[in-house]
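J.: here is my input; please provide its structure:
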Amino acid sequence: METFARALLDRAGDGGTGLLFEHERHTWADVVRESRHRAALARRLLTAGRPPHIGVLLDNVPDHVFWIGGAALSGSVVVGINPTRRGPELAHDIRHTDCQVIVTDTAHAPLLDGLDTGVPPGRVLRVDDPGHTGLLASAEPVPAVEPHPRDPLLLLFTSGSTGAPKAVVCGQGRLAAIARQAPAFGITADSVTYAAMPLFHGNAVMANLAMATSAGAAVALRRRFSASGFLPDVRRYGVTYFNYVGRALAYILATPRRDDDADNPLEVAFGTEASARDMADFAGRFGCRLIESYGSSEGAISIRKTPDSPPDALGLPPVGADVAVADPATGEECPPARFGPDGELLNGDEAIGEIVARGVVFEGYYRNPAADAERLRDGVYWSGDLGYRDADGFFYFAGRGGDRLRVDGENFAAAPVERVLSRWQPVVMCAVYPVPDPRTGDQVMAALELDGPFAPEAFAEFLAGRADLGTKWAPRFVRIVPAMPLTATNKVDKGPLRRAGWRGGEVWWRPGREPRYEPLTDAVRRSLEEEAAVHGRRL
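T.: So this is what the prediction gives:
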């Protein structure tokens, strides 16, 4: 089994373009040489007998790539530190992962001020400090180590969309195996990949940098994702491949449309969690092919959309993979979904379960045995994600573990409702989640980010015309948000929305059964709270 260190060393004599960043160009030979210098510096700085962990707190800049390479060649581990974390949470991430060294820059170093990270000041390196250049120059490259494929290389924090982020272990062998998939995505030595998703997250490293390294493709780095900067960058660098995660496509599609949008070199976009509408609009507008998949940094389950997949389906797992939908209470496989004539899910109560896999390799979370035990039970990997499967075997996403709702005794999941609401033309992004009913169970609440003001009559008319909208699915409350709260990886963060409920901001509600929406006034809020108090419920 190969290692990522070997894949990188294969580029040592490659004079082709390896990195493009703003006005910089680095060949692959440059990338390997810079990685060797950082490997030598890592060996000098890291204390033997302790985990050889290097925290990287940077945007997508060349040094981020060089330190990943340096870790690969020195047998050390890069910890991707999320720069959107703050204060005690940021300090906890660094301490929990036993970082001995932190690599940062002038822009990010103030985030560490006053924090107990466990890393002494002398081990905090600023890559834009003139002294850093001298430090690297004095670190004479030494022969690369020969890591074992099972040796850890990366600690990648989960997005935190379903709870506290956990540090996923990614080994040398797993990353090398992912890197070898480059041909399946059309990535060759002539390709230019666009890395705008954050390198501290698995999507950018696995779905871009690793495969580009294996193929010898050029990687165009963007410090941070910018929807308005996307197409200019694609044209400037000659980008042929773009990876995305979360709601990135929705934000690009929200930029002003131009007649020449399809005049660009982009060939393939690959990612996760785009809606069927956004996928179709993006492919048509920019003239490229989209490859959508379901997966995670843990790497235990992969589901890929196939040409014959239904529009709203995730797709199918690889041939031979034992992936199923199981009831979390019993462990038994859920029966297949049944659909009505208009595509409505008829048996969500029994068909929706947790997406699981058997016989997979899961490298685990760093120093988190409780999380390991939650994911891997009796040889079965439990993803924590809800889904269902149709009679032909196609999988559908139904939401995160906390996205179940129970309205008037009916159980259903958020994702199918979100798929319906996202088809309303003004919607840029939507999120559906439960809020407590004043008497019992839940009510459906939706947060909508729109490309204009909310039109309650048009929204009600849209809902009335949706034959695939379940009888209990129409939102009782609608919050209009100027911008959807997102994690650092562009996934919707429902935590703040759930906590706010229907308090504050622009909220509309449906007083009766008919889809007719009115502003939620303070008087109505007080009435709901009083009703809840009578029934002993907290809203």
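
J.: and His64, how many neighbours?
T.: 27 (other Cβ atoms under 10 Å). Where you see a C-beta, it was placed from the backbone N, CA and C, and this is true even at glycine.

J.: quick one: the strands in the stretch 151-300 of the chain?
T.: For the stretch 151-300 of the chain, strands defined by DSSP state E, counting those that start in this stretch occupy the ranges 152-157, 167-171, 192-195, 218-221, 241-245, 268-272, 289-294.

J.: sorry, slip of the keys, the one I care about is the stretch 401-539 of the chain.
T.: 404-407, 410-413, 427-436, 442-450, 477-480, 506-509, 518-519.

J.: and the longest one, what does it pack onto?
T.: With contacts defined as 3 or more Cβ pairs under 8 Å, 6 or more residues apart in numbering; DSSP states H and E, strand 427-436 has these neighbours: helix 248-253, strand 404-407, helix 414-421, strand 442-450, helix 494-500.

J.: turn these into CSV, columns for mean pLDDT, distance to Val432 and mean neighbour count.
T.: As requested, the helices and strands packed on strand 427-436 are arranged in CSV below (pLDDT from 0 to 100; distance: least, Cβ to Cβ, whole Å; neighbours: other Cβ atoms under 10 Å):
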stretch, mean pLDDT, distance to Val432, mean neighbour count
helix 248-253, 92, 15, 24
strand 404-407, 89, 8, 18
helix 414-421, 94, 4, 23
strand 442-450, 96, 5, 22
helix 494-500, 93, 9, 16
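
J.: confirm that Tyr396 sits in a helix.
T.: No. Under DSSP: H, G, I helix; E, B strand; the rest coil, Tyr396 falls outside any helix and is assigned strand.

J.: returning to that earlier point: just put the helices and strands packed on strand 427-436 in TSV and tack on distance to Glu506.
T.: Putting those into TSV (distance: least, Cβ to Cβ, whole Å) gives the following:
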stretch	distance to Glu506
helix 248-253	20
strand 404-407	22
helix 414-421	17
strand 442-450	10
helix 494-500	12
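
J.: out of the ones you listed, nearest to Glu273?
T.: Closest to Glu273 of the helices and strands packed on strand 427-436, according to Cβ to Cβ: helix 248-253, at 9.1 Å.

J.: summarise which helices and strands the closest one is packed against.
T.: Checked by 3+ Cβ pairs under 8 Å, 6+ apart, helix 248-253 has helix 227-237, strand 268-272, helix 276-286, strand 427-436 packed alongside it.

J.: and the pLDDT at the closest residue to Ala467 other than its chain neighbours?
T.: Excluding the flanking residues, the one nearest Ala467 by Cβ to Cβ, 6 or more residues apart in numbering is Asp342, at 3.4 Å. pLDDT for Asp342: 85.

J.: what about Asp342, how many neighbours?
T.: 9.

J.: on the three-state scheme, it is what?
T.: Under three-state DSSP, Asp342 comes out as coil.

J.: surely it meets Asp468?
T.: Yes. Between Asp342 and Asp468 there is a contact under Cβ atoms under 8 Å: 4.8 Å.

J.: what packs against the helix or strand harbouring Glu350?
T.: In this structure, Glu350 sits in helix 348-351 according to DSSP states H and E. Applying 3+ Cβ pairs under 8 Å, 6+ apart, we find helix 348-351 packed against strand 380-389, strand 410-413.

J.: is it possible to export the ones you listed to a markdown table including mean pLDDT, mean neighbour count and distance to Val142?
T.: Shown next, in a markdown table, are the helices and strands packed on helix 348-351 (pLDDT from 0 to 100; neighbours: other Cβ atoms under 10 Å; distance: least, Cβ to Cβ, whole Å):
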| stretch | mean pLDDT | mean neighbour count | distance to Val142 |
| --- | --- | --- | --- |
| strand 380-389 | 95 | 22 | 39 |
| strand 410-413 | 86 | 19 | 54 |
